[in-house]
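Chemist: The sequence and its predicted three-dimensional model are supplied below.
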Amino acid sequence: MNIMTILKTMDYGVAPENTDEAIAWLSEHKNKFGLFINGEFLKEKKAKYFNTYNPANGKKLAQITQGTKRDVDMAVTSATIAQQSWAKLSGFKRAKYLYSIARLIQKHSRLFAVLESLDNGKPIRESRDVDVPVVVRHFYHHAGWAQLMEDKLDDYEAIGVAGQVIPWNFPLLMLAWKVAPALAAGNCVVLKPAEYTSLTALLFAEICIQAGLPKGVVNIVTGDGNTGSLIVNHEEINKVAFTGSTAVGRLIREQTAGTGKKLTLELGGKSAYIVFDDADIDSAIEGLIDAIWFNQGQVCCAGSRLLVQESIADRFHEKLKARMQKLRVGDPLDKSVDIGAIIDESQKQQITKLVKIGVEEGADLFQPNITLPECGCFYPPTLLTDVDTSHHLAQEEIFGPVLVSMTFRTPAEAVALANNTRYGLACSIWSENINLAMDLAPKVIAGVVWINCTNQFDAAAGFGGKKESGFGREGGIEGMYAYLKPKYENKLKACKAQVPFELKHKHSLATVDRTPKFYIGGKQVRPDGGYSHAVVSAKGELLAHIGKGNRKDIRNAVEAARKAKGWTDTTAHNRAQVMYFIAENLALRSEEFATHIHSLTGVSKKLAENEVYASIERLFYYAAYADKLDGAVHAVPVRGVVLAMPEANGIMGIICPNENPLLGLISLMAASIAMGNRVVIVPSQTSALMALEFYQILETSDLPGGVVNIVTGKKNELAQVLADHYEVESVWYFGDRKGSEMVEKSSASSLKRTWVNNGKARDWFDKSQAQGQEFLNQATDVKNIWTPYGE
Amino acid sequence: MSKTERNPGMPLNLDWVEGIQVNTSAVERRAKSFSGRRSIKKKHQAAWLLKALSCIDLTTLAGDDTTRRVKRLCNKAKSPVRKDILKALGVEKLNITTGAVCVYHEMLEAANGFLKGSGVELAAVSTGFPAGLTPFDMRVEEIKRSVAAGATEIDIVISRRLVFAQDWQALYDETKAYREACGDAHLKTILATGELATFRNVAKASMVCMMAGADFIKTSTGKESVNATLPVSLVMVRQIREYYQRTGYKIGYKPAGGISTAKESLLYLILMKEELGRDWLEPELFRFGASSLLGDIERQLEHHVTGKYSAGFRHAIG
């Protein structure tokens, strides 16, 4: 083509990124990579290899080692040994290593970007301008956290060895999100990159060598899902961090249940992209391009569900179609390409299949008239309009360049549609009305909200989901907590088994017969089943018969908690007032409660009095905190604010400890309701009668009905119903090991957050372990709301 | 390129104007991304630079302008690139010129003589440029005189105060009067975007000017402290797109001031192509208000031909 012709067509031509250095790097390794364990690349003669390909042209790039059980054992051992001294290094020393890693990645940034695009198929623009810069920023930021650990997180310590399994959509970026906070906090890691995309992780391993990182701190074990499973299930792993599909996340939740391993999951999504009629429509469309056609739509937080206000829907769709016509699909290494290759043929087939289903269900398909490369794995940008909530594609994650569109009439309807999903990862809201946008942000159930922007990421801001999008945050201080444990945890001892007192005096119901009932929705309710069991005092006297709760009682209690949403929405000041009032009323009856404790547990009267006193103080403590867990404004590199808002989990199940019948119950209840949760409490056998006495105090303290619900009965049976319940957002379990395991395992279906004691007892009098940050963190979830500003 | 039908203007539609929303941060993000999204290399780059060159309004707006100074500029406009370079590029037959020469009224007569038959348009800044605060009838008269003196394009300045007052009717009436005074000459409306304070003001003023019959909307006089930028350009071309989608008329765009490098000029062309399309990559619908830009483009073209970095003195100054 000569210049005369170009002047007529004004085409862009091709602008290929040079791949020589990346190819040379592969050749240096003879296109064959061993595992990176204990600071060196292993050369195993017997190792099995699999191929990694460039999805844009199907050509083989290199051979990657399939990690075996022996390899994983070796990696975990090396990490375990390294961790002892790594955690003991000063924050400054760890910071220097992380800083060095950041600098080295920056120095080799283009090599990383090109290698990433070769291996993954994402456009070089993205790997160069988004992935790698965010990676570098992540290591810099976390060098800072290593430094500041002693200042800001002094009550916490490293968990130990983290097993990390990451996906193929952002190979290096997800590595950074996993490795940087883990190392900053003093953990060592065994990381498995995705089978399709191991190369940048292996280049990163070389960076670790160059940075002089002590041997064993970072171990990279490549392989398929089996290797990942070996890591996740390895006994010496203390923390599992996984990013990937909801199905695998669920499996990991089940497999790690009861092992005591800490777990964070970052899973799928079907994030809403809400456009109001007062939005800057051109900008909203441009945002949509970044939302769903970034990385070929293979993004967990992709804005894949467009919700557009009816009044502008037609015009919006027309403009969107015109914009889509400008998208360039092709060679990821071409600097003028917007959409690169789909990771693998199987993924492309899955996308094709899902789009076909959508069309069969009545969706209107639009694909722009643009050319796709003849070979390689490509899929055109796709818009499906006329999709309704009942359609498969309105609910299922496609994980490809496919947008589905629906319309809404009012802000309330926008929220209802946005939340009508099993997922809860991200949401974009476009409106020039700050009142509207800020009103919606808290109402949308998602870990991240982007106002008038989309797909913004930064190391200083937490990222992570709710519901079946997983739990835990990456980035910011909220991300650091995911790699730390409170220092007191190591000191906790096993719970003593609870043996009910023997009934010695069969006719001891001396006073008027009392009928403690359940407390549900602010009312005293009889057990659904009509069964009761005896409560026997330490002296063997029959104190009362209390109800034996069943599934339906739990169902009713959750229902009542659902209706009490006003508690979550009310002001923190109001919550504090109610809690002070509870404390006040408990104080009035402190003698009576002390007597109860004494007779129920057999502890001395003095100790019983102390317990009541401590309970009153604890109510004061969390009343004080109700309006003081402020959240943060994260310092991200945009003109604007990122509001890190701690939000209530919502509906919580709380299974109380056997120790300290009153104080244990109040510690858990107070922490959770202070933060705006509504709770269903299952008292322990010792505390059951106490809890039922306690509701009389709740009744007289202006606590709205449904905020606290109490159902007694067999602890683990009821715990299971709560853990299984799809509407319960979080379960706290304080009981035996078996119960802990059961709760974690059962939570897998809904992927709710759980906090279990693994059969360990706390000293509820000891403030360092019975109240504070850990409780507040567990009672809340941080939502990061990105709000760029400027006129 | 087919000649586009001239915008006849339309009655002022305040619903359109008041419905305009511009999100500054989002506009800035998009504007910043052009350089990463498109890359033009080698032969294509040379072609695109020639295109940029053909869209330049070669301008002199100085108090010390003289006839001979204007003559030099006109000759440069007619022959902007060294012939050996054009030949090496294989475009010597194209008779490449800049889009126009832009001068004050007093220089029109001379410039008209120098440019006759060259195909280079002759533009005059008008209406009490750059402040636009001379008496209204004198501003209208200035246009008429400039057209009579041979100007084929009139660059007017809008009354910024009407934008601050959000008096869209007055802005419309004023611009409409200018358009009528232009007759067959094309009307370019300078918004002085650096003074309008917000992108919303820029967008609304753009729309009102197009409704009043502007053939081009233009950013700056070159005398404001902030001249053309990519974000403000994005705001304006999006309004051009909106007007086109609603009326079918294509309005031209002219960023002016501050664009001095070949690299930047490519970004503007990319912006036009991405936001509006191929049709807007012609001097009929796109101009640079720039002078020093030409020199850099010449150097880059020579580099393309020889493979060696060029120097300013190797090219005729304008």
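Modeler: All right, it came through fine.
Chemist: all strands for chain B, in order.
Modeler: B:56-59, B:100-103, B:121-125, B:153-157, B:186-190, B:216-218, B:252-254, B:288-289 (DSSP state E).
Chemist: Make a markdown table from those and add distance to chain A and mean neighbour count to it.
Modeler: Just so you know, the C-beta spots here come from the backbone N, C-alpha and C atoms, and that holds for glycine as well. Below are the strands of chain B laid out as a markdown table (distance: least, CB to the nearest CB, whole Å; neighbours: other CB atoms under 10 Å in any protein chain shown):
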| stretch | distance to chain A | mean neighbour count |
| --- | --- | --- |
| strand B:56-59 | 15 | 26 |
| strand B:100-103 | 19 | 30 |
| strand B:121-125 | 19 | 26 |
| strand B:153-157 | 23 | 27 |
| strand B:186-190 | 21 | 27 |
| strand B:216-218 | 16 | 27 |
| strand B:252-254 | 15 | 26 |
| strand B:288-289 | 16 | 30 |
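Chemist: so can I have JSON lines of those strands showing mean pLDDT and distance to residue A:379?
Modeler: Formatted as JSON lines, the strands of chain B follow (pLDDT from 0 to 100; distance: least, CB to CB, whole Å):
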{"stretch": "strand B:56-59", "mean pLDDT": "96", "distance to residue A:379": "42"}
{"stretch": "strand B:100-103", "mean pLDDT": "97", "distance to residue A:379": "46"}
{"stretch": "strand B:121-125", "mean pLDDT": "98", "distance to residue A:379": "47"}
{"stretch": "strand B:153-157", "mean pLDDT": "98", "distance to residue A:379": "47"}
{"stretch": "strand B:186-190", "mean pLDDT": "98", "distance to residue A:379": "44"}
{"stretch": "strand B:216-218", "mean pLDDT": "98", "distance to residue A:379": "39"}
{"stretch": "strand B:252-254", "mean pLDDT": "98", "distance to residue A:379": "35"}
{"stretch": "strand B:288-289", "mean pLDDT": "96", "distance to residue A:379": "39"}
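Chemist: Rebuild those as TSV, extending it with distance to residue A:413.
Modeler: TSV is the format used below for these (distance: least, CB to CB, whole Å):
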stretch	distance to residue A:413
strand B:56-59	51
strand B:100-103	53
strand B:121-125	53
strand B:153-157	47
strand B:186-190	42
strand B:216-218	38
strand B:252-254	39
strand B:288-289	47
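Chemist: Figure out which of the ones you listed is closest to residue A:267.
Modeler: Residue A:267 sits nearest to strand B:252-254 of all the strands of chain B, at 45.9 Å, using CB to CB.
Chemist: Could you list the residues in contact with the closest one?
Modeler: Under the criterion CB atoms under 8 Å, 6 or more residues apart in numbering or on different chains, residues B:57, B:188, B:215-219, B:233, B:236-237, B:240, B:272, B:276, B:280, B:284-289 lie in contact with strand B:252-254.
Chemist: for stretch A:616-623, same thing?
Modeler: Applying CB under 8 Å, 6+ apart, the set of residues contacting stretch A:616-623 is A:575-577, A:579-580, A:582-583, A:586-587, A:590, A:663, A:666-667, A:670-671, A:673-674, A:770-771.
Chemist: Residue B:27: how many residues sit nearby?
Modeler: Residue B:27 is flanked by 24 other residues according to other CB atoms under 10 Å in any protein chain shown.
Chemist: ok, now residue A:543?
Modeler: 20.
Chemist: low pLDDT regions in the chain?
Modeler: Unless you meant another one, I'm taking chain A. Scanning chain A for pLDDT under 70 picks out A:506-513.
Chemist: um, chain B though
Modeler: B:1-3.
Chemist: Pull up the residues of it that are close to chain A.
Modeler: B:21-30, B:36-44, B:46-48, B:50-51, B:89-91, B:94, B:198-200, B:238, B:241, B:245, B:273-274, B:278, B:281 (CB under 8 Å from any CB of the partner chain).
Chemist: Just the ones of those in helices?
Modeler: B:24-30, B:36-37, B:42-44, B:46-48, B:50-51, B:89, B:199-200, B:238, B:241, B:245, B:273-274 (DSSP state H).
Chemist: which residue is nearest the middle of chain A?
Modeler: Against the mean C-alpha coordinate of chain A, by CA atoms, centre = their mean, the closest residue is residue A:471 at 2.0 Å.
Chemist: Thought residue A:267 was touching that residue, still the case?
Modeler: No - if you go by CB atoms under 8 Å, residue A:471 and residue A:267 don't touch, sitting 9.1 Å apart.
Chemist: Ends of stretch A:28-43, what's the gap?
Modeler: Length of stretch A:28-43, first residue to last, CA to CA, to the nearest Å: 15 Å.
Chemist: So which residues make contact with it?
Modeler: Contacts for stretch A:28-43 (CB under 8 Å, 6+ apart): A:44, A:47, A:49, A:60-65, A:67, A:71, A:74-75, A:78, A:82, A:198-199, A:202, A:205, A:208-209, A:213-216, A:218-222.
Chemist: and those residues, which are buried?
Modeler: Those of these that meet the buried threshold are A:47, A:61-65, A:67, A:71, A:74-75, A:78, A:82, A:198-199, A:202, A:205, A:208, A:213-216, A:218-222, by 16 or more other CB atoms under 10 Å in any protein chain shown.
Chemist: number of nearby residues for residue 168?
Modeler: Because you didn't say which chain, this covers chain A. Residue A:168 sits with 21 neighbouring residues when counted by other CB under 10 Å.
Chemist: other chain: chain B
Modeler: Neighbours around residue B:168, by other CB under 10 Å: 21.
Chemist: Residue A:644 is in what secondary structure piece?
Modeler: Using DSSP states H and E, residue A:644 maps to strand A:640-648.
Chemist: how about that strand as CSV, C-alpha atoms only?
Modeler: The C-alpha trace of strand A:640-648 is given here as CSV (Å, rounded to 0.1, in the frame of the first residue of the first chain):
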residue,chain,number,x,y,z
GLY,A,640,-11.4,11.8,43.6
VAL,A,641,-12.1,9.8,46.6
VAL,A,642,-12.3,6.1,47.3
LEU,A,643,-14.6,5.6,50.2
ALA,A,644,-13.9,2.4,52.1
MET,A,645,-17.2,2.0,53.9
PRO,A,646,-17.5,-0.8,56.5
GLU,A,647,-21.0,-2.2,55.9
ALA,A,648,-22.9,-4.6,58.0
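Chemist: Can you name every helix or strand that the helix or strand just after that strand contacts?
Modeler: Reading on from strand A:640-648 to the C-terminus, the next helix or strand found by DSSP H and E is strand A:651-655. Helices and strands touching strand A:651-655, as assessed by 3 or more CB pairs under 8 Å, 6 or more residues apart in numbering or on different chains; DSSP states H and E, comprise helix A:551-563, helix A:661-674, strand A:678-682, helix A:715-724, strand A:730-733.
Chemist: Strand A:651-655 pairs with which strands, and in what direction?
Modeler: strand A:678-682 (parallel), strand A:730-733 (parallel) (DSSP bridges).
Chemist: So what's the gap between that strand and the chain middle?
Modeler: 18 Å (CA atoms, centre = their mean, to the nearest Å).
Chemist: contact partners of it?
Modeler: A:558, A:561-562, A:668-669, A:672, A:677-682, A:684, A:715, A:718-719, A:722-723, A:725, A:727-735, A:739, A:743, A:779.
Chemist: among the residues you listed, which ones are buried?
Modeler: The buried subset of the contacts of strand A:651-655 - by 16+ other CB under 10 Å - is A:558, A:561, A:668-669, A:672, A:677-682, A:684, A:715, A:718-719, A:722-723, A:725, A:728-735, A:739, A:743, A:779.
Chemist: I'd say residue A:674 and residue A:779 touch.
Modeler: Yes - if you go by CB under 8 Å, residue A:674 and residue A:779 touch, sitting 7.5 Å apart.
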